[in-house]
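In: pasting the sequence and the predicted model now:
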Amino acid sequence: MAITRKKKEELVAQYKELIENTPAMVFTNYQGTTVAQVKSLRAKLKDSNTTYAVVKNTLFELALRESGRVAPEELLRGANAVAFCGEDIGKSVTALKAWIKDAKVVEITGAILENSVLDSKNADALSDLPTKDQTRAMLLGVLSAPARQLVQIVNAPGSSLARVMNAHVEKQQEAA
C-alpha cells in the first residue's frame, strides 16, 4: 500500500527533528531482524539517549538535504535504520555495538558525524571516543596537574627540613 503525501510529509518532519537534535547518525542494515529484536535494541539504546529508527531512504535523504546535512548515496541503499546518537557519541555507539555483538543480526554500514560521512570501519571506531564523563575527568586531570606540582614544590623545602630535624632528633636519642 502506498504512503499518502501527508504521511510522507510527517515522516520527513520527524526525520528532520531527529537530525537537528543529533551530532552523529549511525546507519545500520537491519535486514533479517524481527520486531522484537528492534524493540530490544531501542530499549538498550534508550539508556544512552539514542533513538533508533527504521527510515525510508528517499524521505530520509530529503530530510537530510532540508536540514543542511550531507546525504550520502552509498549509505541510503537497502534496508536502513539509523541510530540518532545523543550528545555522548562514544557511549551511544558502544551500546549499539554491544547489542550487535550479542544479536549478530544488524551491521553498521556507515555514519554521519556532523557533516562528515564515515565508512563502516570509521563508524565502528566512534565507540572508541571517550564518554562525556571520561572527557571531563581527563580535562580535570590536565587542569589540576600544574596546581598539584606547585603544591609539591612549595611543600618540598618544609618537608626536607622536617626530615633533617627528625633525623637529628633520632641521632640525639640514640646518643642518650
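Out: Arrived safely, thanks for sending. Residues are numbered from 1 along each chain as shown.
In: per-domain residue ranges of this structure.
Out: Following the assignment in automatic domain parsing, the chain carries domains at 5-129, 130-176.
In: show me what contacts Phe30?
Out: Just so we're on the same page, residue 30 is Tyr rather than Phe. Residues in contact with Tyr30 (Cβ atoms under 8 Å, 6 or more residues apart in numbering) are Val38, Val54, Ala79, Asn80, Ala81, Val105, Val106. Using the backbone N, CA and C atoms, a C-beta is placed for each residue, glycine as well.
In: how near is it to Asn166?
Out: From Tyr30 across to Asn166, the span is 70 Å (Cβ to Cβ, to the nearest Å).
In: same check on Ser159?
Out: Distance from Ser159 to Asn166, by Cβ to Cβ: 10 Å.
In: cool, Thr94 as well?
Out: Counting by Cβ to Cβ - Thr94 and Asn166 are separated by 51 Å.
In: for Pro157, same thing?
Out: When Cβ to Cβ is applied, the distance between Pro157 and Asn166 equals 15 Å.
In: now Glu74. Nearest residue, chain neighbours left out?
Out: Excluding the flanking residues, the one nearest Glu74 by Cβ to Cβ, 6 or more residues apart in numbering is Gly110, at 7.1 Å.
In: beta-bridge partners for that neighbour, please?
Out: Phe27, Asp119 (DSSP bridges).
In: can you give me the strands for this structure?
Out: 24-29, 51-54, 80-84, 107-113, 116-119 (DSSP state E).
In: of all those, which lies closest to Lys16?
Out: Nearest to Lys16 among those is strand 80-84 (11.5 Å), distances taken as Cβ to Cβ.
In: chain center to the closest one, what's the gap?
Out: 15 Å (Cα atoms, centre = their mean, to the nearest Å).
In: next, count neighbours for the residue lying closest to Gln31 once chain neighbours are set aside.
Out: Spatial nearest neighbour of Gln31, excluding adjacent residues (Cβ to Cβ, 6+ apart): Ala79 at 4.1 Å. By the criterion of other Cβ atoms under 10 Å, Ala79 has 14 neighbours.
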